[in-house]
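*Asks:* below is the structure, and that's it, no one-letter string:
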């Protein structure tokens, strides 16, 4: 009869492995270190799994999340090395006109924000190595929520968005790279490559914007012709003339 009570203890034991962690921050550091080792050995899938595990043991972000404005930027070193590309260094403090950031009741401890940002930035680099560019953008964005103006996260997000190669993604990459050039923490060795990338991106963004505009005008013209055809007219009967003030005037042409 006593054997009947044993199954009731199996579910709580499984839950305890997830919820009963004495020091979640230290556990996250340990999982991050193991994931770093996987990354260094080019085991990128294992590294992704390790970084996700490290994020999972951290306390959830407070609600609402920290604002992107007036955010103090901490030094990104807490006795651990973050994964970095050849031309990226850790971020330093960002001064907002010498004014301290406004207090936020729902904010989380700086140690957790810095650790969360570092793990997400490392995760973004893994996704770049795996050519999973949308995931790389998402991970870098999560890092920037915790630590705005984070050089590594901005750089990795821009690289991923360039690979996605849409008007929206390239515009975002261009914006991130222009922002990087304004940050004092950007390594001098990285500046020339970003300047070249911006020079390449600007005409590409302009080209895609013009292509998208022409495609939209073609669709609108098709809709207009289908409506005007009822009256024996077409969009060719309407001439648009650009004005000096940047607007357009419309003339009817028979």
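*Replies:* Great, that's in hand. Quick caveat, the model's predicted, so the values are computed rather than measured.
*Asks:* quick check: which element contains residue 183?
*Replies:* For residue 183, there is no helix or strand it lies in under DSSP states H and E.
*Asks:* check what pLDDT residue 90 gets.
*Replies:* If you check residue 90, the pLDDT there is 40.
*Asks:* now swap in the one 10 residues further on and tell me
*Replies:* Here, the pLDDT recorded for residue 100 equals 46.
*Asks:* tell me which other helices or strands the helix or strand hosting residue 177 touches.
*Replies:* In the assignment (DSSP H and E), residue 177 maps to helix 167-181. Counting contacts by 3 or more CB pairs under 8 Å, 6 or more residues apart in numbering; DSSP states H and E, helix 167-181 is packed against helix 151-164, helix 191-228. Just so you know, the C-beta spots here come from the backbone N, C-alpha and C atoms, and that holds for glycine as well.
*Asks:* tell me what angle the shortest one forms with helix 167-181.
*Replies:* It stands for helix 151-164. Relative orientation of helix 151-164 versus helix 167-181 (axes from the mean of the first three to the mean of the last three CA atoms, to 10 degrees): 150 degrees.
*Asks:* just name the shakiest helix or strand of this protein by mean pLDDT.
*Replies:* Within the chain, no helix or strand scores below helix 10-19, which has a mean of 42 by mean pLDDT, DSSP states H and E.
*Asks:* need the next SSE after that one, C-terminal direction.
*Replies:* Per DSSP H and E, the first helix or strand lying C-terminal to helix 10-19 is helix 24-40.
*Asks:* which residues does that next one contact?
*Replies:* With CB atoms under 8 Å, 6 or more residues apart in numbering as the test, helix 24-40 has contacts from 21, 44, 46-51, 53-55, 57-59, 80-81, 83, 111-112, 115, 118-119, 122, 125-126.
*Asks:* would you single out the least confident of the helices and strands packed on helix 167-181?
*Replies:* Sorting the helices and strands packed on helix 167-181 by mean pLDDT places helix 191-228 lowest, at a mean of 79.
*Asks:* PyMOL command for the buried members of the contacts of helix 24-40?
*Replies:* Of those, the buried ones can be selected in PyMOL as follows, counting by 16 or more other CB atoms under 10 Å:
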select buried, resi 44+46+47+48+49+50+51+53+54+55+57+58+83+112+115+118+119+122+125+126
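*Asks:* so which of the contacts of helix 24-40 sit within helices?
*Replies:* Secondary structure from DSSP state H places 44, 46-51, 53-55, 57, 111-112, 115, 118-119, 122, 125-126 of these in helices.
*Asks:* OK, contacts around the closest residue to residue 112 other than its chain neighbours?
*Replies:* In this structure, residue 112 finds its nearest non-sequential neighbour in residue 58, 6.1 Å apart by CB to CB, 6 or more residues apart in numbering. Applying CB under 8 Å, 6+ apart, we find residue 58 in contact with 24-25, 28, 112, 115-116.
*Asks:* at 10 Å instead, please
*Replies:* Remark: with contacts taken as CB atoms under 10 Å, 6 or more residues apart in numbering, residue 58 is in contact with 24-25, 27-28, 31, 108, 112-113, 115-116, 119.
*Asks:* quick one: which of the residues you listed is most hemmed in?
*Replies:* Counting neighbours by other CB atoms under 10 Å, the top entry in the contacts of residue 58 is residue 119, with 28 neighbours.
*Asks:* wait, that residue sits on residue 52?
*Replies:* Yes: between residue 119 and residue 52 there is a contact at 8.8 Å, judged by CB atoms under 10 Å.
*Asks:* and the furthest pair within the contacts of residue 58?
*Replies:* The most widely separated members of the contacts of residue 58, counting by CB to CB, are 31 and 108 (18.7 Å).
*Asks:* with that, I have no additional questions.
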